[in-house]
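A.B. asks: have a look; sequence and predicted model below, questions after that.
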Amino acid sequence: MIELYHIWKQYQKPHWALSDVSLEINTGDFCFITGPSGSGKTTLLKIIFREILPTEGQILIDGVNILKIPDHKIYKLRRTMGIVFQDFRLLFHLSVFENVAIPLQVLGLPYKEIRRRVFNALRQVNLHNKMWDFPQRLSYGEQQRVAIARAIVNNPKILLADEPTGNLDPELAFEIMTIFKEINKQGATVIIGSHDRELIRHFGDKIFFLQKGKIIGREIKK
Amino acid sequence: MIFRQLWYLIKAAASNLWSFRGRNLISTLIIGFSFLVIGIFLALSNNLTHLGQQLSNNLAISFFLDKKLKPEELELIKARILASELVDQVTYVSSEDALRRFSQNFPELKDILDNLKTNPFPPAFEVKLKEKILNLSAIVHFMEHIKSLKGVVDFQFNQEWVEKMDSLSRIVKAVGFFLGGILILASFFIISNVVRLNVFARKNEIEILRLVGATNTFIRIPFLIEGFVLGLLGSLISLLILFLLIKIFPIYVGSTLGAARELFILRPLNLGQIIWLNAGGVVTGTLGSVTSVSRFLRI
């Protein structure tokens, strides 16, 4: 369970990127954070995986206050999460296989195990036949699926995605969202930052509406 | 697991070295060039040290004697000369020996000698000083003392040369320390900036590694290995070019510089200098890499 209590974030005075945000996300939720550009979606996601620290407030993940974790132990938290970015952040000098394998190599797993898991993750996003290609030879949609495979290869408890369909046409976006839903069914808590109303309406179980850094509404379908 | 990770990191470093070979080649060449400049300076300074040693080894004083001295008087003077701790060896050169030597050394002046009715060369004691003694005031004091002895007419000593060499060697040392210091600082600055650019170009990779839960050590090690390899390769390249320069340089310098040519001979580095140069390359490459990568590792 992820709990955020009175989160404030200020990059530059006098503007607040987040103002008094409190929310609760249960294990296994498929949740959207939505709002117009500049509403604070990315900031909120960055705070959840502790890329940045809030100016004020507390965040508990499974009862642990992640703001109290010392910097040199943050890697342990990140190993329980998968992250997908709008700009994919793939390494173009590595093959699809090598890109997806990074989180497992960090763990020091044996090559056979890495190969098995990478293959499974790529099969899940239907890219196992392009395992040895290099990212620049893939389409946008395929690159995004590589980024998703990298995020799920480690069987994360929490999957965060920041505008994962921002660069894709509606058909591909729908396909990507179906993959996320599949991953959610396997037990991962999925949190997606998006402003695509159509997708949110179709897929969202729990939706938080952000505007100018404030939560202005919530919707729970279940 | 640690060995598996280490093996992975070594492979990652090797793959990065190859993937960014263009950029790495430039870094290596810059490191190589910086250390080449230091190497050339060291080779020149080796030569000056060698010249100084050679000169002090060849320091000799000639004490010219009265032609009418008796053998026991000669022995007495010789004993007084040998009593000095500056002296290594004393040789007696008779008037005939001196004449013979002169006619051998200057055969073109043979006619003049033939016209002389008497031998103009006085007998002399040639005194060779001990190696590496360049204490001028002690030498002058010794010469004055011997000259005051009965039967010693005059003396000859290349004092001017010794004084010049003495001050030249001091200047070279001072300039050497100054230039060497500046060069080492400049190369460190250049190298760490090149490595920083290298690391900056890969900040995306560092960020991804951080976000998938890599420890800072895990992120640092490939950069450390790469810095080590680039530094080592750079310094080895500088040694290779220096070796070629030492072989080729004398051919180009030729005889145009005349006697001054001796000052510009590059003398090979000794083992200690080679080790220091390599260690310098390795340390600069590794430190440059590690310090540059650290700024991307916050949180």
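C.D. replies: Here it is on my side, so go on.
A.B. asks: what about the longest helix in chain A?
C.D. replies: helix A:170-185 (DSSP state H).
A.B. asks: for that helix, enumerate the helices and strands it packs against.
C.D. replies: The contact analysis (3 or more CB pairs under 8 Å, 6 or more residues apart in numbering or on different chains; DSSP states H and E) places helix A:170-185 against strand A:30-34, helix A:111-124, helix A:140-152, strand A:158-162, strand A:189-194, helix A:197-203. All C-beta atoms are positioned from the backbone trio N, CA, C, and that covers glycine.
A.B. asks: please repeat the previous calculation with a cut-off of 7 Å.
C.D. replies: In terms of contacts (3 or more CB pairs under 7 Å, 6 or more residues apart in numbering or on different chains; DSSP states H and E), helix A:170-185 is packed against helix A:140-152, strand A:189-194, helix A:197-203.
A.B. asks: which of the residues in that helix are buried?
C.D. replies: By neighbour count on 16 or more other CB atoms under 10 Å in any protein chain shown, the buried set for helix A:170-185 is A:172-177, A:179-180, A:183-184.
A.B. asks: residue boundaries of the strands in the stretch 101-250 of chain B?
C.D. replies: When assigned using DSSP state E, counting those that start in this stretch, the strands of the stretch 101-250 of chain B occupy the ranges B:124-129, B:152-157.
A.B. asks: please identify the deepest-packed of those strands.
C.D. replies: Mean neighbour count (mean count of other CB atoms under 10 Å in any protein chain shown) peaks for strand B:124-129 among the strands of the stretch 101-250 of chain B, with a mean of 20.
A.B. asks: rewinding a little: of all the strands of the stretch 101-250 of chain B, which lies closest to chain A?
C.D. replies: Nearest to chain A among the strands of the stretch 101-250 of chain B is strand B:124-129; the distance by CB to the nearest CB comes to 66.3 Å.
A.B. asks: would you agree residue A:6 falls within a helix?
C.D. replies: No - Residue A:6: not assigned to a helix; according to DSSP: H, G, I helix; E, B strand; the rest coil it is strand.
A.B. asks: contacting residues for it?
C.D. replies: Residue A:6 is in contact with A:20, A:22, A:56-57, counting by CB atoms under 7 Å, 6 or more residues apart in numbering or on different chains.
A.B. asks: let's see it at 10 Å
C.D. replies: For residue A:6, the contact set (CB atoms under 10 Å, 6 or more residues apart in numbering or on different chains) comprises A:18-22, A:54, A:56-58.
A.B. asks: for it, which non-adjacent residue is closest in space?
C.D. replies: Of all residues not flanking residue A:6 in the chain, residue A:57 sits nearest, at 4.6 Å (CB to CB, 6 or more residues apart in numbering or on different chains).
A.B. asks: am I right that that neighbour is in a strand?
C.D. replies: Yes - checked against three-state DSSP, residue A:57 lies within a strand.
A.B. asks: any idea how many residues pack against it?
C.D. replies: 18 (other CB atoms under 10 Å in any protein chain shown).
A.B. asks: now it: how far from residue A:22?
C.D. replies: Noted for residue A:57: a distance of 8 Å to residue A:22, by CB to CB, to the nearest Å.
A.B. asks: equivalent analysis for residue A:56, please.
C.D. replies: Residue A:56 is 12 Å from residue A:22, by CB to CB.
A.B. asks: so what sits against both of these two?
C.D. replies: Common contact partners of residue A:56 and residue A:22 (CB under 10 Å, 6+ apart): A:5-7.
A.B. asks: and the most centrally placed residue in chain A, what is it in contact with?
C.D. replies: The residue lying closest to the centre of chain A (CA atoms, centre = their mean) is residue A:160, at 1.6 Å. By CB under 10 Å, 6+ apart, the contact set of residue A:160 is A:33, A:44-46, A:48-49, A:81-85, A:151, A:189-193, B:211.
A.B. asks: do the same with residue A:198
C.D. replies: A:170, A:173-174.
A.B. asks: what of residue B:15?
C.D. replies: A:93-94, A:98, B:222.
A.B. asks: of all these, which comes closest to residue A:136?
C.D. replies: residue A:93 (9.6 Å; CB to CB).
A.B. asks: secondary structure class for the closest one?
C.D. replies: With three-state DSSP as the basis, residue A:93 sits in coil.
A.B. asks: roughly how far apart are it and residue A:68?
C.D. replies: Residue A:93 is 38 Å from residue A:68, by CB to CB.
A.B. asks: these two: which is more packed in?
C.D. replies: residue A:93 (17 against 9).
A.B. asks: is it true that the more buried one touches residue A:135?
C.D. replies: Yes - the pair residue A:93 / residue A:135 is scored as a contact, 9.2 Å apart, by CB atoms under 10 Å.
A.B. asks: give me the common contacts of the two.
C.D. replies: Shared contacts of residue A:93 and residue A:135, counting by CB under 10 Å, 6+ apart, come down to residue A:99.
A.B. asks: and stretch A:206-216, end to end?
C.D. replies: For stretch A:206-216, the first-to-last residue distance is 14 Å (CA to CA, to the nearest Å).
A.B. asks: quick one: mean pLDDT for that stretch?
C.D. replies: Averaging pLDDT along stretch A:206-216 yields 93.
A.B. asks: next, the buried residues of it.
C.D. replies: Across stretch A:206-216, burial judged by 16+ other CB under 10 Å covers A:206-210, A:213, A:215.
A.B. asks: tell me the one of those nearest residue B:227?
C.D. replies: residue A:213 (42.3 Å).
A.B. asks: how about low-confidence regions in chain A?
C.D. replies: A:222 (pLDDT under 70).
A.B. asks: near chain A, which residues of the stretch 151-299 of chain B are found?
C.D. replies: Taking CB under 10 Å from any CB of the partner chain as the criterion, the stretch 151-299 of chain B approaches chain A at residues B:202, B:204-205, B:207-219, B:297-299.
A.B. asks: now the buried members of those residues.
C.D. replies: B:202, B:205, B:208-216, B:218-219, B:297.
A.B. asks: and the two most separated of the residues you listed?
C.D. replies: B:202 and B:213 (18.5 Å).
A.B. asks: hang on, the earlier thing: format the strands of the stretch 101-250 of chain B as a markdown table; extra columns: mean pLDDT and distance to residue B:31.
C.D. replies: As requested, the strands of the stretch 101-250 of chain B are exported to a markdown table (pLDDT from 0 to 100; distance: least, CB to CB, whole Å):
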| stretch | mean pLDDT | distance to residue B:31 |
| --- | --- | --- |
| strand B:124-129 | 87 | 45 |
| strand B:152-157 | 85 | 49 |
